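Enquirer: Sequence and predicted model, in that order:
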Amino acid sequence: MIVVVCPGQGSQTPGFMLPWLDLPAFRSSIEAMQSAAGIDLIAHGTVSDADTIRDTSVAQPLIVSAGVATLAALFGETGKVSSKITGVAGHSVGEVTAAVASGIFTAEQGIKFVKERGDAMALAAGLEPTSMAAILGGEQAVVEARLAELGLEPANYNGGGQIVAAGAAAAIGELQAAGPAGARVIPLQVAGAFHTRYMAPAVSTLASYSAGLTVNDPTAKLWSNAGGRLVDSGAEFVELIVNQVKSPVRWDLCMSAMVEAGVTALIEVAPAGTLTGLAKRSMPGVETLAIKTPENLDAALELIANHA
């Protein structure tokens, strides 16, 4: 049983698309999406610097387009996974990629949705100084108690003893100065408290935008960041990814659910590496493959054949 997973913000690096653009299926997919979204994805994936692609309004469509184009190179131009893939899941904005992979969104719908999402979240992030920090180690209850003391929220539960906190920039500074017992605090280079109450304005924007969408039900199992549960309704999944903007990402529960379902292999689409790293710690015995460059495509096809 094999699953495809789709990474979230922070997975992008300068120039990561360069080796991909010689692949006709990948380039064609990117060109179609950049035309639909009105953003130069090729430039941002090849020559834009780290600060430029860190901008939320750039990073989100860049990451989703790369994932969808990887799927197009692997399975065909629509970006929808083949019947050999049991299920899909995405981390944060990666859920938009997963929606395309499972057939809920078309590639055009996905890139337009994520462009709206990135713009709305960037606007919300600019309303007041906020930030995020990764907390490594420590007891979960102790970590959550310290966050509550500071008025911070757990934005991501990534498994393996990693929680990402988000909230007011000053409170993140206090967390760095005096973190939870037994834990290490690492500030993240993001200007926003994603997956918290600070993103409420973005939720309103996305709810209005998505009201006009016509979507399909998923054709593969689809695990949601909302508690790691399976969702079999396209309309429900869209509602969940709208509210996900201000809700914690429970990637830990997604991984647990996949293990419980009997998953034996996991493939991460570009820009890959983060989720396979988490899986190696939290999904022992599950074979993993990160599709970082086109050279990994043959290995992915072989893995699919062995675990389908």
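Expert: That came through fine. Numbering: from 1, shown residues only.
Enquirer: and the protein, what are its domains?
Expert: Following automatic domain parsing, one finds the domains of the chain at 2-125+197-302, 130-187.
Enquirer: okay, how far is it across the shortest one, tip to tip?
Expert: Same thing as domain 130-187. 12 Å (Cα to Cα, to the nearest Å).
Enquirer: So what's the model's average confidence on it?
Expert: Mean pLDDT, computed over domain 130-187, is 96.
Enquirer: Repeat that for the longest one.
Expert: Per-residue pLDDT values over domain 2-125+197-302 give a mean of 96.
Enquirer: Quick one: end-to-end distance for it.
Expert: End-to-end distance for domain 2-125+197-302: 12 Å, by Cα to Cα.
Enquirer: how far is that domain from where the chain is centred?
Expert: Distance, stretch centre to chain centre, for domain 2-125+197-302: 5 Å (Cα atoms, centre = their mean, to the nearest Å).
Enquirer: now do the shortest one
Expert: When distances are taken as Cα atoms, centre = their mean, domain 130-187 is centred 20 Å away from the chain's centroid.
Enquirer: thinking again about what came up before, for the domains of the chain, which one ends up most surrounded?
Expert: Among the domains of the chain, ranked by average contacts under mean count of other Cβ atoms under 10 Å, first place goes to domain 2-125+197-302 (a mean of 21). Every C-beta, even on glycine, is put in place using the N, C-alpha and C of the backbone.
Enquirer: Switch the domains of the chain over to CSV; also include distance to Ala308.
Expert: Shown next, in CSV, are the domains of the chain (distance: least, Cβ to Cβ, whole Å):
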stretch, distance to Ala308
domain 2-125+197-302, 4
domain 130-187, 26
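Enquirer: show me where the protein has helices.
Expert: Counting by DSSP state H, the chain has helices at residues 24-37, 41-46, 50-54, 56-75, 94-101, 107-125, 140-150, 169-177, 200-210, 234-243, 251-260, 274-282, 297-307.
Enquirer: Indicate which one of those helices is closest to Ala226.
Expert: helix 234-243 (5.0 Å; Cβ to Cβ).
Enquirer: rewinding a little: just put the helices of the chain in JSON lines and tack on distance to Gly8.
Expert: As requested, the helices of the chain are arranged in JSON lines below (distance: least, Cβ to Cβ, whole Å):
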{"stretch": "helix 24-37", "distance to Gly8": "18"}
{"stretch": "helix 41-46", "distance to Gly8": "16"}
{"stretch": "helix 50-54", "distance to Gly8": "13"}
{"stretch": "helix 56-75", "distance to Gly8": "7"}
{"stretch": "helix 94-101", "distance to Gly8": "5"}
{"stretch": "helix 107-125", "distance to Gly8": "11"}
{"stretch": "helix 140-150", "distance to Gly8": "20"}
{"stretch": "helix 169-177", "distance to Gly8": "19"}
{"stretch": "helix 200-210", "distance to Gly8": "15"}
{"stretch": "helix 234-243", "distance to Gly8": "12"}
{"stretch": "helix 251-260", "distance to Gly8": "9"}
{"stretch": "helix 274-282", "distance to Gly8": "8"}
{"stretch": "helix 297-307", "distance to Gly8": "20"}
